[in-house]
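Student: Pasted the sequence and its predicted model underneath.
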Amino acid sequence: MEIDHSNIENLHVIDAEVAEETNDSEVMTAVSTRKSIGPKTETPKQNENQKYYLLYFVLPFICLTAALLGGLRLSGLDGSFIFLKPALFCLIFASVMLVLFFRSGLIRLESWFSEDFEMTKNAANAAVLLSLFAATVQLFNSLLPEQGLPFWIVAFCFFWTLWNNLFADFDTKKLLQSLGGLFGLAFVVKYLILANLTAPASESWLRSIIENPAKETFTWLLDLPRFSAGTGYIQFFTVVLYLIGLFLLPQSTGQHRER
Amino acid sequence: MKEKYIQITGIAVAAIYGIFIVFLYAAEPRSLEEVTIKAKSTVENAVTKGQVIAGTYEIDAAKFNEGLQAFRQDNFVLARDGFDKADPEKRDPATQFYIAYSFYRQGWGRISNDDALFKQSLETLARVTLLDPNFRSNDTNLQLRTSVELKSELEEGLKITADDFNPLRLIRERK
């Protein structure tokens, strides 16, 4: 076989390191398609590392921060912290939400966990999903009124919506739009409408009756807790953080074996 | 950094943060200053529980002596505080016996006894019997040195009998 020497001389020499082959060369396809991270001059290796940092550091941090803030309220009397543990309803709703995520394809479970992956990867993915579950539980804790009639009404509305969604044909975009609307409405109901119906915390019952008779009546009738105005701000950031977390969540973290 | 290291570090950081959140919801601090105080007491409790599990649990001798001193000065509330601090896990029969005894002495009255304190004494005494059924105190200043004797005295004190109306009771002495 003859070699054409003129062609060899015309070849361009590429001065670069040989790229290492990793187990997960097609890792996080969803992240890369959804977002372009960093300038175009970055090497693929750096870009890949950034995706890992995003998935295994930034995303759990955002979810856990939402989980931390979701149950935090500020007392209406002295502004002290009140940490409210989530009701059982919150856990049920969060489980239904995760099922919805799987059904709509927001999370492709088979590409998050696989026997082909290394154990550390499966464990790290489990940690990410666990933090997402915690954030979802606390989001419901944040948006559900604490007690009384409003709690049961809003809980029923959540249940009705999630139950219907469970049997509807959803794509990811529609699901996110539906959830955004649901959470936005719940936030408005709790932290704008109900909060404005609540009488301010006062040490004298008689004085509060004279100064705010209507609010005092609503507070008594609806059994509304008296929190500081700062609570609404904290919970606003909780909802925003949760939605950012959902936006950053990749559909898959690697290629799975076809079955 | 390699993918594996990022994943391991991510798990560790998420676990630490998660534990911190669980701690906050369990301890329920009311301010940022309280977070430090609650964290300190949580760590101390965890260390004590660890000592119990490892079998190396010991009472705080200094606190016990403070309690004993207060007990001998008839300052029973302070004495119990010292004993409680000396034996936070309530696992030392001698300390628990002193607590039971302090309830007895505080509740004892020449005319009538304080039933509530006597009942608390009996409850504490039940713990002593559980820890050491054959417990006997080394303190010679105590007239009732075993759980059985103290229990009998307490039960007698709680009963209402004809003997309670005997005027000679006024000259009886506390044990």
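Tutor: Received it, and whenever you're ready, just let me know what you need. Residues are numbered from 1 along each chain as shown, chains lettered A, B, ... in the order given.

Student: ok, now which ones touch residue 122?
Tutor: Answering for chain A, as no chain was given. A:113-114 (CB atoms under 8 Å, 6 or more residues apart in numbering or on different chains). Glycine gets a C-beta too; all of them are placed from N, C-alpha and C.

Student: actually chain B
Tutor: B:Leu122 is in contact with B:100, B:151, B:154-155, counting by CB under 8 Å, 6+ apart.

Student: again, but for A:Leu109
Tutor: With CB under 8 Å, 6+ apart, A:Leu109 has these contacts: A:Phe102.

Student: Can you flag which of the contacts of B:Leu122 belong to helices?
Tutor: B:100, B:151, B:154-155 (DSSP state H).

Student: which of the residues you listed count as buried?
Tutor: B:100, B:151, B:154 (16 or more other CB atoms under 10 Å in any protein chain shown).

Student: confidence score at the second one?
Tutor: Which is B:Lys151. Looking at B:Lys151, its pLDDT reads 93.

Student: And A:Glu118, its phi and psi?
Tutor: The phi and psi values for A:Glu118, taken as degrees, to the nearest 10, are phi -70, psi 160.

Student: just checking, it touches B:Lys4?
Tutor: Yes: counting by CB atoms under 8 Å, B:Lys4 is a contact partner of A:Glu118 at 6.9 Å.

Student: hang on, A:Gly76 packs against A:Gly230?
Tutor: No: with contacts counted by CB under 8 Å, A:Gly76 stays clear of A:Gly230, the gap being 9.9 Å.

Student: So which of those two has more stuff around it?
Tutor: A:Gly76 (19 against 14; other CB atoms under 10 Å in any protein chain shown).

Student: what's near enough to touch the more buried one?
Tutor: A:200-201, A:225-228.

Student: Just send the ones in helices among the contacts of B:Leu122 back as TSV, with distance to chain A too.
Tutor: Compiled in TSV, the ones in helices among the contacts of B:Leu122 are given as follows (distance: CB to the nearest CB, whole Å):
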residue	distance to chain A
B:Ala100	36
B:Lys151	41
B:Leu154	40
B:Glu155	43
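
Student: So which elements touch whichever strand or helix holds A:Pro60?
Tutor: Using DSSP states H and E, A:Pro60 falls within helix A:59-70. With contacts taken as 3 or more CB pairs under 8 Å, 6 or more residues apart in numbering or on different chains; DSSP states H and E, helix A:59-70 sits against helix A:119-143, helix A:230-248, helix B:3-27.

Student: Minimum distance to A:Lys173: which of the ones you listed has it?
Tutor: Among the helices and strands packed on helix A:59-70, helix A:230-248 comes nearest to A:Lys173, with 11.7 Å by CB to CB.

Student: in the helix or strand bottoming out on mean pLDDT in chain B, what's buried?
Tutor: Lowest by mean pLDDT, DSSP states H and E among the helices and strands of chain B is helix B:32-54, with a mean of 86. Buried residues in helix B:32-54, counted by 16+ other CB under 10 Å: B:35, B:38.

Student: Just the C-alpha atoms of that helix, please, in PDB.
Tutor: Only the C-alpha atoms of helix B:32-54 are listed here, as PDB (Å, rounded to 0.1, in the frame of the first residue of the first chain):
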ATOM      1  CA  LEU B  32     -29.200  33.400  66.700                       C
ATOM      2  CA  GLU B  33     -27.600  33.600  70.100                       C
ATOM      3  CA  GLU B  34     -29.600  30.700  71.300                       C
ATOM      4  CA  VAL B  35     -28.300  28.500  68.400                       C
ATOM      5  CA  THR B  36     -24.900  28.400  70.000                       C
ATOM      6  CA  ILE B  37     -26.300  27.600  73.500                       C
ATOM      7  CA  LYS B  38     -28.500  24.900  72.200                       C
ATOM      8  CA  ALA B  39     -25.700  23.400  70.100                       C
ATOM      9  CA  LYS B  40     -23.500  23.300  73.100                       C
ATOM     10  CA  SER B  41     -26.100  21.500  75.200                       C
ATOM     11  CA  THR B  42     -26.900  19.100  72.300                       C
ATOM     12  CA  VAL B  43     -23.200  18.200  72.000                       C
ATOM     13  CA  GLU B  44     -22.900  17.700  75.800                       C
ATOM     14  CA  ASN B  45     -26.000  15.400  75.800                       C
ATOM     15  CA  ALA B  46     -24.600  13.400  72.900                       C
ATOM     16  CA  VAL B  47     -21.300  13.000  74.700                       C
ATOM     17  CA  THR B  48     -23.100  11.800  77.900                       C
ATOM     18  CA  LYS B  49     -25.200   9.400  75.900                       C
ATOM     19  CA  GLY B  50     -22.100   8.100  74.200                       C
ATOM     20  CA  GLN B  51     -20.500   7.500  77.600                       C
ATOM     21  CA  VAL B  52     -23.500   5.600  78.700                       C
ATOM     22  CA  ILE B  53     -23.400   3.400  75.600                       C
ATOM     23  CA  ALA B  54     -19.600   2.900  76.000                       C
END
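
Student: For it, what is the distance to the chain centroid?
Tutor: 17 Å (CA atoms, centre = their mean, to the nearest Å).

Student: OK, now which residue of chain B is nearest to chain A?
Tutor: Using CB to the nearest CB, B:Gly10 is the residue of chain B that sits closest to chain A, at 3.1 Å.

Student: Distance of that residue relative to B:Ala86?
Tutor: Separation of B:Gly10 from B:Ala86 (CB to CB, to the nearest Å): 44 Å.

Student: so what's the spatially most central residue of chain B up against?
Tutor: Central residue of chain B (CA atoms, centre = their mean): B:Asp84, 3.8 Å from the mean position. When contacts are counted by CB under 8 Å, 6+ apart, B:Asp84 touches B:Ile99.

Student: can you tell me which residues contact B:Ala14?
Tutor: Going by CB under 8 Å, 6+ apart, B:Ala14 touches A:60-61, A:64, A:127-128, A:130-131.

Student: from those, which two are the most distant?
Tutor: A:Phe61 and A:Leu130, at 13.4 Å, using CB to CB across the contacts of B:Ala14.

Student: what does chain B put close to chain A?
Tutor: Within chain B, the residues that sit near chain A (CB under 8 Å from any CB of the partner chain) are B:1, B:3-4, B:6-11, B:13-15, B:17-18, B:21, B:24-25, B:28-31.
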